[in-house]
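> Predicted structure and sequence below. I'll ask about it afterward.
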Amino acid sequence: MRDELTALFNEDGVLSQQITGFQPRPAQQEMAERVANTLSNGNLLIAEAGTGTGKTFAYLAPAMLSGQKVFISTGTKNLQDQLYQRDLPVLRQTLNVPLMTAILKGRSNYLCHHRLGLAETDDSLLNDQATLSKLRKWAEQSDHGDLSDTQLLDADSHLLPRVTSTVDNCLGTQCPEYQHCFVAEARRRAQEADIVVVNHHLLMSDLALKTAGQGEVLPTADAYIIDEAHQLPGIASQFLGLRLSSHQITELCRDATQEMHAEASDMPSIATASDKLQTVLQRLRVYLGSEVLRRPWFAGEGDETQQNLLDAVAQALTNLAEELEQASPRSQGLSQCHQRAESLLDLLEYFQANAEPSDHVLWLDNRLSGFILNATPFDISGPFQQWLDDKPAAWIFTSATLTVAGQFNHFKQQLGIDDAETVSWESPFDYQQQSLLFLPETKLMPASVNYNQHIADVARQVITLSGGRTFLLFTSYRALYEVAEALKDCGHPLLVQGSGGKAQLIERFREQGDAVLLGTSSFWEGVDVRGDALRCVLIDKIPFASPGDPVLEARINLLKMHGGNPFRSIQIPSAVIQLKQGIGRLIRDVRDYGVLVLCDPRLLNKPYGKVFLRSLPAMPITQNIQDVADFLTEKSVDQATH
């Protein structure tokens, strides 16, 4: 395969001939060869490929040439669609390889015929019948049923959960619409395909089912390639835990009542029990409050009111389960509602217990839309390693941000991977020439009440010098909104997270050409703006996770009990990875240039600041704003004359 890869990636290779603007990169070819060796040998590879390496083609090409069945997992559905709809077709045409490809998402992405039918007969959705009718026509014409292919529903539409299925409410092979099921069809295509593109959430749901002894979501494969692998430990923690949400209970009540009207109209006691359960659930929601927060969950210690409300919910859920048990022979839908009620009761019992489990942290995620009770494992390395052992295959983990000060230890420890080969390629971009790192001088520390005003003052300076064209990345919403308020008269369009969807804001930023975009964590990753629209990225402070996060707090306390140093082994490495992601927004092309502004003085006046600075691309550093002005002027002139 090496000769084929050389013929593909070298200066006179096929890609250079067929893709306009393709630039041969030695690191890309080296990575492709390492991936090919890993696929051939069936071992593990952890590969960090800096921004601009071209890692997507570097793993896709050997995967497509290997003749193996390969699953490729990426961090988001947007990246998943990009891989499947853009990158794979380009390479397939270039390589002229006869292979089948498929994309597989979680079931909530596909329209469910059965659920759509239920929605069409629901009196509470009378005002939505026009939209549901259009969805019906679209479904009859669609080959895949992927709701991202239609503009009929927004991402936050209240109809989405009404026309899609979940693991809880899917009727499986007993569904009367099973022969037309889009999820079943997507899985059949995945079974037959050579290359299957999935996302981390789907991959980790497979891990969770396997760990719980409940089967698998994905068919077996010869190899797994995990892109954006730095996200995997966090997503795995979500799926390997337990969760009980008010939404699950509300949805059960609604489905049980709907199934009763359709199949057991002579048993109105089901609707009565559902109404009673929703009433007591609402009392619990009111008691927990409307404040958006995450805090440790204590079932009943010293809180008699909360315990009484939990008992009332459990009793009402028990009553509904008993009613559904009597009705369950009437239909598959009622039978499944009964099973769901029993499962929710088991979960509720778990969260009612006063004893804190030794291997999980219990916490409450309170939202405006409801609450979620979570049990998150302290450590996922054991079950993850067991999962790898149970899936003998080649495994390739890759991302632009996997190392901390050049070491892979943090990532390997999180997933319990001890025996993997590791390799790192720096970005081919010339950061020495293309960028400047500005560290503003200040005596203010991030905890100061005046710190956000300092950020606004620095931002105003660099926005003026760069003519807008700036990303302002924040570690908190509070800082974002305070700085946005202070900059509303800066003379450039302000695009503030929350004023539109992420993709919409990025597109407006590109189009306007002199805008300023303010965002928090979701804008630190997966944002690719090339060319003149972006000239400056400002980061307000080191992105340490909130010490009030209940999972982090529990893991810190556990490590302290065992004599460890959580700041050094947990908090610093996680912040380094996040910071590297944010910095990666600045230079996206060989012709880009720009200024990176890191406002946090701790980078220079704290010993641990050196760990962060050693993890950054090598770039010139200044504390003088005049150097920023000179750099931007010089680069602008250079670009105008070339």
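Perfect, I can see it now.
> What segments of the stretch 251-400 of the chain are strands?
293-296, 360-367, 370-377, 394-399 (DSSP state E, counting those that start in this stretch).
> Go through the first one and flag the buried ones.
Meaning strand 293-296. For strand 293-296, burial by neighbour count (16 or more other C-beta atoms under 10 Å) applies to residue 294. C-beta here means a position set from N, CA and C on the backbone, and glycine is covered the same way.
> what's next to it, contact-wise?
Contact partners of strand 293-296, identified using C-beta atoms under 8 Å, 6 or more residues apart in numbering, comprise 361, 362, 363, 364, 365, 366, 548, 549, 550, 553, 554.
> so which one among those residues has the lowest pLDDT?
Lowest-confidence member of the contacts of strand 293-296: residue 548, scoring 81 (pLDDT).
> How about the contacts made by that one?
Residues counted as contacts of residue 548 (C-beta under 8 Å, 6+ apart) are 294, 295.
> and if you look at residue 582?
Residues near residue 582 by C-beta under 8 Å, 6+ apart: 473, 524, 537, 539, 543.
> Which helix or which strand is home to the closest residue to the last one other than its chain neighbours?
For residue 543, ignoring the flanking residues on the chain, the nearest one in space by C-beta to C-beta, 6 or more residues apart in numbering is residue 578 at 4.2 Å. According to DSSP states H and E, residue 578 maps onto helix 572-583.
> Run the angle between that helix and strand 394-399 for me.
Angle, helix 572-583 to strand 394-399, by axes from the mean of the first three to the mean of the last three C-alpha atoms, to 10 degrees: 70 degrees.
> counting contacts, what elements does the next helix or strand after helix 572-583 pack onto?
Later in the chain than helix 572-583, the nearest helix or strand by DSSP H and E is strand 594-598. Strand 594-598 sits against strand 435-438, helix 451-466, strand 536-539, helix 625-640, with contacts defined as 3 or more C-beta pairs under 8 Å, 6 or more residues apart in numbering; DSSP states H and E.
> for the last one, what is the average pLDDT?
Averaged across helix 625-640, pLDDT comes to 90.
> Repeat that for the second one.
The average of the pLDDT scores along helix 451-466 is 97.
> Tell me which strands whatever helix or strand comes next after it pairs with, and in which orientation.
Using DSSP H and E, the helix or strand that follows helix 451-466 in sequence is strand 470-473. Next to strand 470-473 in the sheet, as set by DSSP bridges, lie strand 516-519 (parallel), strand 536-539 (parallel).
> Check what contacts the last one and list those residues.
When you say that, I think you mean strand 536-539. Here strand 536-539 makes contact (C-beta under 8 Å, 6+ apart) with 455, 458-459, 462-463, 465-466, 469-473, 579, 582-583, 585-586, 594-600.
> what do you get for stretch 483-503?
Contacts of stretch 483-503 (C-beta under 8 Å, 6+ apart): 78, 155, 452-453, 455-456, 459-460, 463-464, 467-468, 472, 474, 480-481, 505, 508-509, 512, 514-520, 522-523, 540.
> Format the strands paired with strand 470-473 as CSV; extra columns: mean pLDDT.
Below are the strands paired with strand 470-473 laid out as CSV (pLDDT from 0 to 100):
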stretch, mean pLDDT
strand 516-519, 97
strand 536-539, 98
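> Does residue 424 fall in a helix, a strand, or a coil region?
strand (DSSP: H, G, I helix; E, B strand; the rest coil).
> That one and residue 405 touch, don't they?
No. Judged on C-beta atoms under 8 Å, residue 424 makes no contact with residue 405 at a distance of 11.5 Å.
> so which of the contacts of residue 582 comes closest to residue 85?
Nearest to residue 85 among the contacts of residue 582: residue 524, at 24.6 Å, using C-beta to C-beta.
> And that closest one, how far from residue 583?
Per C-beta to C-beta, to the nearest Å, residue 524 is found 9 Å from residue 583.
> How many neighbouring residues does residue 73 have?
Neighbourhood size, residue 73 [other C-beta atoms under 10 Å]: 27.
> Is it correct that it falls within a strand?
Yes. Residue 73: assigned to a strand according to three-state DSSP.
> Next one: it, what pLDDT does it get?
For residue 73, pLDDT reads 97.
> dump the residue contacts of it.
Taking C-beta under 8 Å, 6+ apart, we find residue 73 in contact with 197, 198, 199, 200, 202, 203, 224, 225, 226, 227.
> would CSV of those with secondary structure, pLDDT and distance to residue 91 be doable?
Below are those laid out as CSV (DSSP: H, G, I helix; E, B strand; the rest coil; pLDDT from 0 to 100; distance: C-beta to C-beta, whole Å):
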residue, secondary structure, pLDDT, distance to residue 91
197, strand, 97, 13
198, strand, 96, 18
199, strand, 94, 20
200, helix, 95, 22
202, helix, 92, 22
203, helix, 92, 22
224, strand, 96, 19
225, strand, 98, 14
226, strand, 97, 19
227, coil, 97, 15
